[in-house]
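Undergrad: I'll drop the sequence and a predicted model, then ask my questions.
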Amino acid sequence: MSTTSETGRSLPLFDPNGGAPPADAVELYLEAPRSLGVFYAAAVANEHAGGHTGTVVQAIERIQQKALDRAVQVIKREGGYAKVGEHRNVGNGRPTVGKYLPATLYLTAISEKFADRRTDVARFHEHIYVGGRALAHEDGRDWPTDLVSLKRVLSMAQAEYRHMIVKISEAALELRWDRIPSLNSIEIIEPPMYEHVTRYPHVMCAGSFSLRQRWISRDVMSPEETRHAV
């Protein structure tokens, strides 16, 4: 995905059709609520049974794409910084001391419905790959990406991703969502897809590439952020 907007810019990191991310790239992994996959499976089953719900299936796929687009905008706007010039390490895991400037990220996003194999319901998720170097706006040169800022943005991107799924699906498909305490997540309550979620334990897609740095949204979100990621 190569995108440009008023809130940020990105350049393609690699061609997802046969290419691969460079070794210094970072993967950001986002996930949709599991009940969306259950609802999608029901829509597909109805379509196959002659229920003519193809428009519902397509609508869910469009919702996923719009949610991804918004998450990418957040990453570009809030995480698009480069470490320009000389930086000094101060230790104790703290950010290096030096110049941090706005930059264009090298970014490729791959959107998927199923995790690894199509063994049960869809598991809507996103693989967002960001390059280890970014194009600084000040001098037009590539400098190391500010990974500290980028990692801080991941929970914000995940929250916005889920919020868009809820907001658009409520308007387009008349779904109702609410937080289910026993699941510690927001799920579809009308129709009651949340009742089937426990039949499908959480599965995370391994992805097509093995990178040294892979950041999983559910691992970096605090309990408070998780409660409000709607």
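TA: Received it, and whenever you're ready, just let me know what you need.
Undergrad: wait, Pro102 sits on Gly79?
TA: No. Using C-beta atoms under 8 Å, Pro102 is not in contact with Gly79, being 10.6 Å away. Quick note: C-beta positions are derived from backbone N, CA and C, even for glycine.
Undergrad: look at those two and report which has more neighbours.
TA: Of the pair Pro102 and Gly79, Gly79 is the one with more neighbours under other C-beta atoms under 10 Å, namely 26 against 15.
Undergrad: what are the phi and psi angles of that one?
TA: Backbone torsions of Gly79, given as degrees, to the nearest 10, read phi -110, psi 10.
Undergrad: before we move on, what about Arg162?
TA: Dihedral angles (degrees, to the nearest 10) for Arg162: phi -70, psi -40.
Undergrad: how about Glu31?
TA: phi -130, psi 140.
Undergrad: tell me who's in contact with the spatially most central residue of the chain.
TA: Per C-alpha atoms, centre = their mean, the C-alpha nearest to the average position across the chain is that of Leu30, at 3.3 Å. With contacts defined as C-beta atoms under 8 Å, 6 or more residues apart in numbering, the neighbours of Leu30 are 68, 71, 125-126, 128, 157-158, 161, 217.
Undergrad: kindly recompute the last result at 6 Å.
TA: With contact set as C-beta atoms under 6 Å, 6 or more residues apart in numbering, Leu30 has these partners: 71, 126, 158, 161, 217.
Undergrad: what about Ala157, distance to Asn89?
TA: From Ala157 across to Asn89, the span is 28 Å (C-beta to C-beta, to the nearest Å).
Undergrad: who has more neighbours out of the two?
TA: Neighbours were counted for Ala157 and for Asn89 using other C-beta under 10 Å; Ala157 has more, 25 against 10.
Undergrad: I figured the more buried one hits Ile75, correct?
TA: Yes. Using C-beta atoms under 6 Å as the test, Ala157 is close enough to Ile75 to be in contact (5.2 Å).
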